[in-house]
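> next input, structure requested:
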Amino acid sequence: MDRAAPEAKHTWTAGTAPGIFPLLGHGIAFYRRPLAFLNSLPAHGDLVEIRLGPQRAWMACRPELTHEVLMDPETFDKGGPLYDRLGKLMGDGLVTCRRPAHRDKRRLLQPAFRPSRAAAWTDLVTEEAEAVCEDWRPGASVPVTAAMTTLTTRVISRVLLSDSLDDRTTAEVRDCLAEVVRGLFLRTVVPVDVLFRLPTPANRRYRHALSRLHAIIDTAIAGRRHGAGHDDVLGTLLVAARDGRGATAVTDQDIHDHLITLLLTGAETSALALAAAFGLLARNPEAERLLHAEVDAVLPDGRRPGPDDLPRLVHTRCVVSETLRHSSPGWLFTRVTTRETELAGLRLPEGATVLYSPYLLHHDPAWFPDPERFDPGRWLPGRTTAAQRRATVPFSAGSRKCLGDEFAMVEITLALATIAGRRRLRHLPGAAERAPRPAITLGPRHLVMTCESRSRGPSVAQPRTAAAPDVPDYRTAGDHVVGNP
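Okay, here's the model as predicted:
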């Protein structure tokens with residue numbers, strides 16, 4: 001599986017029209033066909049120089065280089081076009097803050113996302129998953145992406161704010177998030193600010209969505225200050241602000257920035273992963289059949305999953321792991337060098353932008369043969385190599401690894417099992433398989449499918465130690481199927 005490391009090459013990639021280079025650089029090619037553009041880069045070397053507008057950037061095309069960047073946050077700090085844009089939305093929250101502020105912010109928020117809270121997450125996720133599919137009728141068209149975004153927005157808003165957002169506000173948050181992520185990607189790959197100050201309809205929609213998200217968060221914070229306390233993230237932040245806990249005082253702006261950061265990242269990525277999973281399962285009937293068999297055996301009569309069921313939903317978790325490999329919502333990230341350094345034999349100046357892409361690594365056939373094939377069996381015990389595990393970074397790695405990685409795995413696994421136990425989703429007749437549209441996140445942004453009822457065999461409860469009928473025994477895979485480094 002391992003390939004020999006070729007001599008590092010540093011090159012311009014093709015595809016830029018001379019008439020617009022260097023103003024737009026590779027940004028137009030990147031925006032129009034981002035996945036094809038990414039997949040073309042490893043042929044040019046290990047560390048490939050590209051242009052994003054007038055800015056130079058270097059793409060790490062091998063797992064070793066990616067980990068070298070991620071494991072050295074002192075040299076490769078958060079920054080670059082992506083985080084410059086995100087900072088205007090999220091402020092100085094956990095995702096966008098620079099290294100000196102990161103540790104204290106993470107320590108403050110980490111308790112809300114510890115795996116020990118899985119029991120509380122289970123009730124919350126399954127309740128919202130049941131609610132979102134309750135009104136789906138056989139034969140009806142279901143806006144899957146919108147429904148999954150409603151589900152994940154409700155889940156993360158309850159983790160952050162308890163019951164502060166009503167259904168109408170949740171729907172508005174969902175729509176605003178969709179508008180923001182579309183606009184952020186174009187502003188990242190074509191970072192020419194003058195284009196986005198024009199009063200175009202798209203620019204107006206983007207600015208309105210940003211304004212509404214900030215206003216909704218401010219309203220929730222103000223309401224809590226005058227209401228009862230809750231055991232949620234907002235409650236933790238308000239107590240920290242009053243008590244002065246941590247090395248740095250928590251300000252009102254910190255509270256706002258943390259909440260909007262976690263709302264955006266917690267709703268969008270999990271929703272796209274769920275939508276992608278249903279779309280991929282509908283095109284891969286054997287994987288879908290195994291999922292349904294496992295769910296019917298582990299959760300007879302459609303009962304809700306409990307925390308003790310998570311280790312038994314092994315094929316379900318394999319489906320989630322393969323979805324995150326095949327269609328990772330977090331697909332492109334940037335770092336900035338804090339000092340002159342060397343990477344892949346190339347001297348990079350201080351302030352250089354370095355990019356890495358989970359999508360590029362996950363779709364490199366050197367690590368994953370036939371990478372476009374959806375195969376949950378890749379994640380069976382003994383099937384993955386050390387090189388594959390190292391190339392799998394859906395949640396990043398190192399000290400800036402996603403705060404809610406296990407929360408996301410539990411959320412997506414439980415929501416998938418709950419919905420799959422009640423409904424089956426099929427692609428609309430004649431629906432063609434299309435590459436997802438580019439945005440800050442990647443996934444099926446407007447997936448619509450047809451709902452079918454689930455037919456079950458005799459509901460015989462399975463012994464706690466038995467594998468589901470006609471499903472391979474995946475129990476030894478344990479709780480951590482995704483090969484995070």
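
> verify the stated contact: A146 with R174.
Yes. Shown here, A146 and R174 form a contact pair, counting by C-beta atoms under 8 Å, at 7.0 Å. To be clear about C-beta, it is placed using only N, CA and C from the backbone, and glycine gets the same treatment.

> gap between stretch 215-228 and the chain center?
27 Å (C-alpha atoms, centre = their mean, to the nearest Å).

> so for that stretch, what gets flagged as buried?
Along stretch 215-228, the positions that meet the burial threshold by neighbour count (16 or more other C-beta atoms under 10 Å) are 216-217, 220-221, 224.

> secondary structure, distance to L198 and pLDDT for those residues - can I get that in CSV?
Putting the buried residues of stretch 215-228 into CSV (DSSP: H, G, I helix; E, B strand; the rest coil; distance: C-beta to C-beta, whole Å; pLDDT from 0 to 100) gives the following:
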residue, secondary structure, distance to L198, pLDDT
I216, helix, 27, 94
I217, helix, 27, 93
A220, helix, 32, 91
I221, helix, 33, 92
R224, helix, 38, 89
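
> just for the stretch 251-400 of the chain, where's the confidence low?
When the per-residue scores of the stretch 251-400 of the chain are filtered using pLDDT under 70, no range remains.

> residue contacts, the residue nearest in space to the middle of the chain?
Ranked by distance to the mean C-alpha position of the chain (C-alpha atoms, centre = their mean), the top residue is T269 at 3.3 Å. T269 makes contact with 329-330, 408, 441, according to C-beta atoms under 8 Å, 6 or more residues apart in numbering.

> let's see which of those end up in helices.
Filtering these for membership in helices, criterion DSSP state H, returns A408.

> quick one: mean pLDDT over stretch 408-424.
Per-residue confidence for stretch 408-424 averages out to 96 on the pLDDT scale.

> same check on stretch 146-154?
95.

> now it, how far from the chain's geometric center?
The mean C-alpha position of stretch 146-154 is separated from the chain mean by 14 Å, C-alpha atoms, centre = their mean.

> please apply the same query to stretch 419-433.
Using C-alpha atoms, centre = their mean, the distance from the centre of stretch 419-433 to the centre of the chain it belongs to is 22 Å.

> what's it in contact with?
The contact list for stretch 419-433, computed with C-beta under 8 Å, 6+ apart, reads 129-130, 132-133, 136, 141-142, 144, 278-279, 281-283, 288, 291-292, 295-296, 299, 302, 316, 448-454.

> mind listing what's buried in it?
By neighbour count on 16+ other C-beta under 10 Å, the buried set for stretch 419-433 is 419-427.

> with distance to P63 and secondary structure added, can I get those residues in CSV?
Supplementary listing: the buried residues of stretch 419-433 in CSV, determined by distance: C-beta to C-beta, whole Å; DSSP: H, G, I helix; E, B strand; the rest coil:
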residue, distance to P63, secondary structure
I419, 33, helix
A420, 32, helix
G421, 36, coil
R422, 39, coil
R423, 38, strand
R424, 37, strand
L425, 34, strand
R426, 36, strand
H427, 33, strand
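
> from these, which is closest to P73?
Sorting those by distance to P73 puts I419 at the head of the list, at 37.4 Å, by C-beta to C-beta.

> now do that closest one against A249, distance only.
I419 sits 43 Å away from A249, going by C-beta to C-beta, to the nearest Å.

> a markdown table for the buried residues of stretch 419-433, including distance to P81?
Written out in a markdown table, the entries for the buried residues of stretch 419-433 read as follows (distance: C-beta to C-beta, whole Å):
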| residue | distance to P81 |
| --- | --- |
| I419 | 36 |
| A420 | 38 |
| G421 | 42 |
| R422 | 42 |
| R423 | 40 |
| R424 | 41 |
| L425 | 36 |
| R426 | 39 |
| H427 | 35 |
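
> determine which two of these are furthest apart.
By the measure C-beta to C-beta, G421 and H427 form the most distant pair in the buried residues of stretch 419-433, at 20.2 Å.

> so which bits of the longest helix seen in the chain are buried?
Once the chain is assigned using DSSP H, the helix that runs over the most residues is helix 252-282. Across helix 252-282, burial judged by 16+ other C-beta under 10 Å covers 254-282.

> check stretch 141-153 too.
Residues 142, 144-153 are the ones in stretch 141-153 that count as buried (16+ other C-beta under 10 Å).

> and which of those is nearest to A415?
Among the buried residues of stretch 141-153, and counting by C-beta to C-beta, the member closest to A415 is L151, at 6.2 Å.

> contacting residues for the closest one?
Applying C-beta under 8 Å, 6+ apart, we find L151 in contact with 128-129, 132, 271, 274, 415.

> would you mind measuring from G377 to E286?
For G377, the distance to E286 equals 10 Å [C-beta to C-beta].

> now tabulate the buried residues of stretch 215-228 in TSV and tack on distance to P436.
Supplementary listing: the buried residues of stretch 215-228 in TSV, determined by distance: C-beta to C-beta, whole Å:
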residue	distance to P436
I216	27
I217	28
A220	31
I221	34
R224	37
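
> quick check, nearest of those residues to A391?
Closest to A391, out of all of the buried residues of stretch 215-228 and judged by C-beta to C-beta, is I217, at 36.5 Å.

> I'd assumed H258 was in contact with the closest one.
No. Judged on C-beta under 8 Å, I217 makes no contact with H258 at a distance of 9.7 Å.

> strands of this protein, residue ranges please.
Taking DSSP state E as the criterion, the chain contains strands spanning 47-52, 55-60, 76-78, 141-143, 333-337, 341-343, 346-348, 353-356, 423-427, 448-453.

> looking at these, which is buried most?
Using mean count of other C-beta atoms under 10 Å, the stretch among those with the largest mean neighbour count is strand 353-356, at a mean of 24.

> give the bridge partners for M59, please.
The residues paired with M59 through beta bridges, assigned by DSSP bridges, are V48, L355.

> surely it touches A352?
No. Using C-beta under 8 Å, M59 makes no contact with A352, being 11.9 Å away.

> for the closest residue to V173 other than its chain neighbours, give me its contacts.
The shortest distance from V173 to any residue other than its chain neighbours is 5.5 Å, reached at T153 (C-beta to C-beta, 6 or more residues apart in numbering). When the contact criterion is C-beta under 8 Å, 6+ apart, the partners of T153 are 170, 173-174, 177, 263, 267, 271.

> repeat that with 10 Å
128, 165, 169-175, 177, 263, 266-268, 270-271 (C-beta atoms under 10 Å, 6 or more residues apart in numbering).

> how about R98?
Shown in contact with R98 (C-beta under 10 Å, 6+ apart): 73, 77-79, 83, 87, 92, 336, 338.

> give me that answer again for 7 Å
Under the criterion of C-beta atoms under 7 Å, 6 or more residues apart in numbering, the contact partners of R98 comprise 77-78.

> that one and T338: what is the separation?
According to C-beta to C-beta, R98 and T338 sit 9 Å apart.

> can you check A366 too?
Shown here: A366 relative to T338, a distance of 31 Å by C-beta to C-beta.

> do the same with G330
Plainly put, G330 is 23 Å away from T338 if you go by C-beta to C-beta.

> again with T219
With distances defined as C-beta to C-beta, the gap from T219 to T338 amounts to 38 Å.

> around R106, count how many other residues there are.
Neighbourhood size, R106 [other C-beta atoms under 10 Å]: 16.

> isn't it right up against G404?
No. Applying C-beta atoms under 7 Å, one finds R106 not in contact with G404, separated by 11.3 Å.

> burial count for P311?
Neighbours of P311 (other C-beta under 10 Å): 14.
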